[in-house]
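In: My questions are about this predicted structure, shown below with the sequence.
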Number of protein chains: 2
Amino acid sequence: MDKPRFSTHRSQCDPQTILDASTEVDCEDCGLDPICMVLDYAEEASGVPEGVLLRRRPVERGEIIFRQDDPFRSLFAVKSGSFKTSMENGGQSKRVIGFQFPGELIGVEAMSRGKYPCTARALQNGSVCELHIARLPESGRPLEALQAAVIELLGKEVAFNHQLVSSLVHQSAEQRICGFILSLSSRLAHRRLPSLEFTFTMSRTDIGNYLGLASETVSRVLTRMGRSGAIHLQRKRIRILDRNALEQCADG
Amino acid sequence: MDKPRFSTHRSQCDPQTILDASTEVDCEDCGLDPICMVLDYAEEASGVPEGVLLRRRPVERGEIIFRQDDPFRSLFAVKSGSFKTSMENGGQSKRVIGFQFPGELIGVEAMSRGKYPCTARALQNGSVCELHIARLPESGRPLEALQAAVIELLGKEVAFNHQLVSSLVHQSAEQRICGFILSLSSRLAHRRLPSLEFTFTMSRTDIGNYLGLASETVSRVLTRMGRSGAIHLQRKRIRILDRNALEQCADG
DNA sequence: CGCATAATTGACGGTTTTCAAGCACTGTGG
DNA sequence: CCACAGTGCTTGAAAACCGTCAATTATGCG
């Protein structure tokens, strides 16, 4: 469990640079890890040609990893930086589906559909691991184990979405935003990144779009929460002062 | 593809009895079909002991198929009738997660979690097919194919939920209800059940809870749509008069 | 420095919720 | 068969909430 795998690079977690390109999650904190483990990819003797199946690469802010309706090629894991996925429905308004942070996966929902249902864009400079699915058979690993890992991933995605749908729809603007902040915080904490003070890498408009609120409402609620003392807010930087208050609000 | 499988019983689709226990979907219209196909379950020579792995049974109105936090045992496919799944969050309000109609699956979201995240209850008399997952290995079928089928199912679930989230959150009460009606209609049509005139087997409160609306709002919107001539509504029975109007409203 | 974009703040109006009352339907028991 | 209670459905009025429009300020980029 301690052996080095594809990338073990890990820099300091300076609060000022959190979510910056220089901070990468450990492989063991990565959502692709279950699959990586099966592949035993970083083992020297694994025999899997490096760079073919799993490839790490930097991405620039604004770069698009894949577009909606592109044929499904790969799963991506965020090594550093942050991303957003969005969909457009029939040439109408663009809708933000989700945000992805270090250790999380992008493209899972395309796996059984053959093409990506959404577009994935980098919110800042960062890096991703790309798992080239079509080449999986070349790995010589038992398909069963790989499939089991995929089922695990999909299951988590389903559970997360159920939670999301059942909460978003029933909550007020304030509850949604509290929940959103707590969700970001706990996801960062889960990967051992600073979780009490971090940067919103997405715009207010993106947040509002994701939560089903107008950007003005997001702005208003955030300043209100700042005045109440639950958070400290400065531009895109947030510090959680009273996590208890947030939790109480979100669970309303 | 035409050979009889587990149950081929199929009665007439009298509008008066639609969604009644007497109407069962064909196996080929059932969500478990991909798995069933792999198992080749109904083949006499399949060697799979009947009634152990896959079991069909009637359920009564109000009966609970499984409860939230029960350990995961089985997948269920609705053969006839209709069901609702709901969750309670920390002893607070109960939230309706979804409704299931003939041919659809119940319990998918528990598959990779080990326990059911919600409670499933029959809205009327009906019947289900139960696929006992723990006994799958006994079937002697290649695990690969079964897993592939499961991945397929999970993927559909993810896609459906993405669609749901991104639409519900952004839509007005009227749009949500139009979408809800159209969704029911198309799901019934997909299984070759009458789709222009059918019965709401769930209460207004359940609909509202599912869509994130007060039951009064559901009631008001429905009567407004009745007055506008898009639908004809009588008690729990609905007839779609102007499908175009509904689609236009839902997509707004 | 100046433009373009994003964020904030205020005022207003529409939609939805809440509270409350009356009605319709269901099923039970006399 | 009818009366009754219980539940769910409908409808109304007032208030809360949020979205839209608009103006101002801040920020990032050339």
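Out: Looks like it came in fine.

In: Tell me the residue of the stretch 1-150 of chain A that sits nearest chain B?
Out: Closest residue of the stretch 1-150 of chain A to chain B, CB to the nearest CB: A:S112 (2.4 Å). Quick note: C-beta positions are derived from backbone N, CA and C, even for glycine.

In: pretty sure that residue is touching B:E152, no?
Out: Yes - counting by CB atoms under 8 Å, A:S112 does reach B:E152; the two are 5.2 Å apart.

In: Which of those two has more residues huddled nearby?
Out: Using other CB atoms under 10 Å in any protein chain shown as the criterion, A:S112 and B:E152 rank with A:S112 on top: 20 against 16.

In: Next, give phi and psi for the residue lying closest to that one once chain neighbours are set aside.
Out: Excluding the flanking residues, the one nearest A:S112 by CB to CB, 6 or more residues apart in numbering or on different chains is B:G155, at 2.4 Å. Note on B:G155: its backbone torsions stand at phi -60, psi -40 [degrees, to the nearest 10].

In: Quick check: which element contains A:H162?
Out: helix A:143-168 (DSSP states H and E).

In: State the mean pLDDT of that helix.
Out: Mean pLDDT, helix A:143-168: 82.

In: Around chain B, which positions in chain A sit nearby?
Out: A:87, A:89-90, A:92-93, A:95, A:97, A:108-109, A:111-113, A:117-118, A:143-144, A:147-148, A:150-152, A:154-159, A:161-162, A:164-170, A:211-212, A:251 (CB under 8 Å from any CB of the partner chain).

In: Pull out the buried residues from the residues you listed.
Out: A:87, A:95, A:97, A:108-109, A:111-112, A:117-118, A:143, A:147-148, A:150-151, A:154-155, A:157-158, A:161-162, A:164-170, A:211-212 (16 or more other CB atoms under 10 Å in any protein chain shown).

In: number of nearby residues for A:R192?
Out: For A:R192, using other CB under 10 Å, the count is 14.

In: That one looks like it's in a helix, true?
Out: No - with DSSP: H, G, I helix; E, B strand; the rest coil as the criterion, A:R192 is located in coil rather than a helix.

In: per-residue confidence for it?
Out: 86.

In: for the stretch 101-250 of chain A, what spans make up the helices?
Out: In the stretch 101-250 of chain A, the helices defined using DSSP state H, counting those that start in this stretch lie at A:143-168, A:173-190, A:204-211, A:215-228, A:243-251.

In: any chance of those helices in TSV, plus distance to B:F66?
Out: Below are these laid out as TSV (distance: least, CB to CB, whole Å):
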stretch	distance to B:F66
helix A:143-168	15
helix A:173-190	27
helix A:204-211	32
helix A:215-228	38
helix A:243-251	26
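
In: most tightly surrounded among these?
Out: The highest mean neighbour count among the helices of the stretch 101-250 of chain A, using mean count of other CB atoms under 10 Å in any protein chain shown, belongs to helix A:204-211: a mean of 21.

In: which non-adjacent residue is nearest A:L143?
Out: Nearest to A:L143 is B:E144, by CB to CB, 6+ apart, at 5.3 Å.

In: B:M111 versus that neighbour, what's the distance?
Out: Using CB to CB, to the nearest Å, B:E144 is found at 17 Å from B:M111.

In: What of A:R243?
Out: Distance from A:R243 to B:M111, by CB to CB: 33 Å.

In: And A:Q171, by the same measure?
Out: 27 Å.

In: same thing with A:L54?
Out: 26 Å.

In: A:V165 now?
Out: 18 Å.

In: Kindly report the same for A:Q163.
Out: On the measure of CB to CB, A:Q163 and B:M111 end up 16 Å apart.

In: Run through the residues that contact the residue nearest to the spatial centre of chain A.
Out: Closest residue to the average C-alpha location of chain A: A:Q100 at 1.7 Å, with CA atoms, centre = their mean. A:Q100 is in contact with A:V78, A:S82, A:F83, A:K84, A:T85, A:I106, A:A120, counting by CB atoms under 8 Å, 6 or more residues apart in numbering or on different chains.

In: Out of the residues you listed, the closest to B:H190 would be?
Out: Checking the contacts of A:Q100 against B:H190 by CB to CB gives A:T85 as the nearest, at 27.4 Å.

In: quick one: low-confidence ranges for chain A?
Out: A:1-23, A:25-26, A:28-29, A:31-32, A:34-53, A:90-92, A:137, A:139 (pLDDT under 70).

In: Need the three-state assignment for whatever residue of the stretch 1-150 of chain A ends up closest to DNA strand D.
Out: As assessed by CB to the nearest atom of the strand, DNA strand D sits closest to A:R61 within the stretch 1-150 of chain A, at 7.8 Å. Assigned with three-state DSSP, A:R61 falls in the coil class.

In: Make sure it is actually in contact with A:K84.
Out: No - between A:R61 and A:K84 there is no contact under CB under 8 Å: 11.6 Å.

In: Quickly list what's touching both of the two.
Out: Contacts common to A:R61 and A:K84, judged by CB under 8 Å, 6+ apart, are A:L123.

In: which of those two has more neighbours?
Out: When A:R61 and A:K84 are compared for neighbours, A:K84 comes out ahead with 22 against 14, by other CB under 10 Å.

In: right, and that one touches A:Q124 too?
Out: No - using CB under 8 Å, A:K84 makes no contact with A:Q124, being 10.6 Å away.

In: Would you work out how far apart the start and end of stretch A:58-72 are?
Out: 20 Å (CA to CA, to the nearest Å).
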